[in-house]
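In: could you look at this predicted model? Sequence included:
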Amino acid sequence: MATANTITPKPIYAPKGCNCPVMIHLTESEREALKRIQELEMRSMSAAGRMLLLRGIAEYDQDTLNAE
């Protein structure tokens with residue numbers, strides 16, 4: 001019995017529509033903090049960074065609304 005000769009698809013971790021990468025520069029201490037969060041959340045560094053960015057945007061928007 002032979003198995004099909006197929007390539008296993010690479011898992012996609014980002015939500016559909018995430019196709020605009022952004023490069024950021026981090027200090028060593030910021031990278032270590034991101035690595036700690038990444039391990040705690042069991043996410044990739046990219047996914048942890050995206051999560052933190054989205055939370056930061058939401059907090060920024062909330063602060064901006066409160067200031068008006």
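Out: Structure received.

In: could you list the buried residues of the worst-scoring helix or strand of the chain on mean pLDDT?
Out: Least confident helix or strand of the chain, by mean pLDDT, DSSP states H and E, is helix 45-67 with a mean of 92. The neighbour-count check on helix 45-67 (16 or more other CB atoms under 10 Å) flags 48-50 as buried. In this view, the C-beta of every residue, glycine as well, is placed from N, C-alpha and C.

In: could you say what helices and strands it packs with?
Out: Counting contacts by 3 or more CB pairs under 8 Å, 6 or more residues apart in numbering; DSSP states H and E, helix 45-67 packs against helix 28-41.

In: mind pulling the model confidence for Gly17?
Out: For Gly17, the pLDDT comes out at 80.

In: picking up where we left off before, can the buried residues of helix 45-67 go into TSV with extra columns for distance to Asp63?
Out: Below are the buried residues of helix 45-67 laid out as TSV (distance: CB to CB, whole Å):
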residue	distance to Asp63
Ala48	22
Gly49	21
Arg50	20
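
In: tell me the one of those nearest Glu30?
Out: Distance from Glu30 was checked for each of the buried residues of helix 45-67 by CB to CB. The minimum falls on Gly49, at 10.2 Å.

In: surely that closest one and Leu34 touch.
Out: Yes - using CB atoms under 8 Å, Gly49 is in contact with Leu34, at 6.1 Å.

In: Leu65 and Ala58, how far apart?
Out: Look at Leu65 and Ala58: by CB to CB, to the nearest Å, they are 11 Å apart.

In: which residues do the two both contact?
Out: With contacts taken as CB atoms under 8 Å, 6 or more residues apart in numbering, Leu65 and Ala58 have no neighbour in common.

In: dead centre of the chain: give me the residue that sits there.
Out: Taking CA atoms, centre = their mean, the centroid of the chain lies closest to Ala47, which sits 2.0 Å from it.

In: verify the contact between that one and Leu34 for me.
Out: No - at 10.8 Å, Ala47 does not count as touching Leu34 under the criterion of CB under 8 Å.
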